[in-house]
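**Q** Have a look at this fold, sequence not included:
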């Protein structure tokens with residue numbers, strides 16, 4: 001499950017939408033497309049999906065990297 005376009009892979013990858021909307025769509029899209037799983041691996045790429053709050057099974061969060069200055073560039077204050 002990811003946000004944005006999906007390239008061809010040897011494994012199944014599903015887009016839940018682009019930009020920030022995929023964070024809201026991920027729980028429903030995962031349950032609809034993937035079904036139950038033994039372990040949900042959440043890759044935190046700047047902003048977490050907060051999977052332990054909505055996934056009933058075990059979760060593992062992989063922190064790929066931490067954004068700092070990018071947040072101000074991508075989402076400037078109002």
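**A** Happy to help now that I have it. Note that the structure is a prediction, hence the values are computed from the model and not measured. Numbers count the residues shown, from 1 in each chain.

**Q** C-alpha only now, for contacts and for neighbours.
**A** Fine.

**Q** so residue 43 is in which element?
**A** Element membership for residue 43, per DSSP states H and E: strand 40-45.

**Q** What is the distance between that strand and the centre of its chain?
**A** Relative to its chain's centre, strand 40-45 lies at 6 Å (Cα atoms, centre = their mean, to the nearest Å).

**Q** That strand packs against which elements?
**A** strand 59-65 (3 or more Cα pairs under 8 Å, 6 or more residues apart in numbering; DSSP states H and E).

**Q** Give me the buried positions along the strand it packs on.
**A** By 16 or more other Cα atoms under 10 Å, the buried positions in strand 59-65 come out as residue 59.

**Q** Name the strands paired with that strand and say parallel or antiparallel.
**A** Looking at strand 59-65 with DSSP bridges, its partner strands are strand 40-45 (parallel).

**Q** Which pLDDT value does the model give the residue in the chain sticking out farthest from the centre?
**A** For the chain, the residue at maximal distance from the C-alpha centroid (Cα atoms, centre = their mean) is residue 78, at 25.0 Å. On pLDDT, residue 78 comes in at 79.
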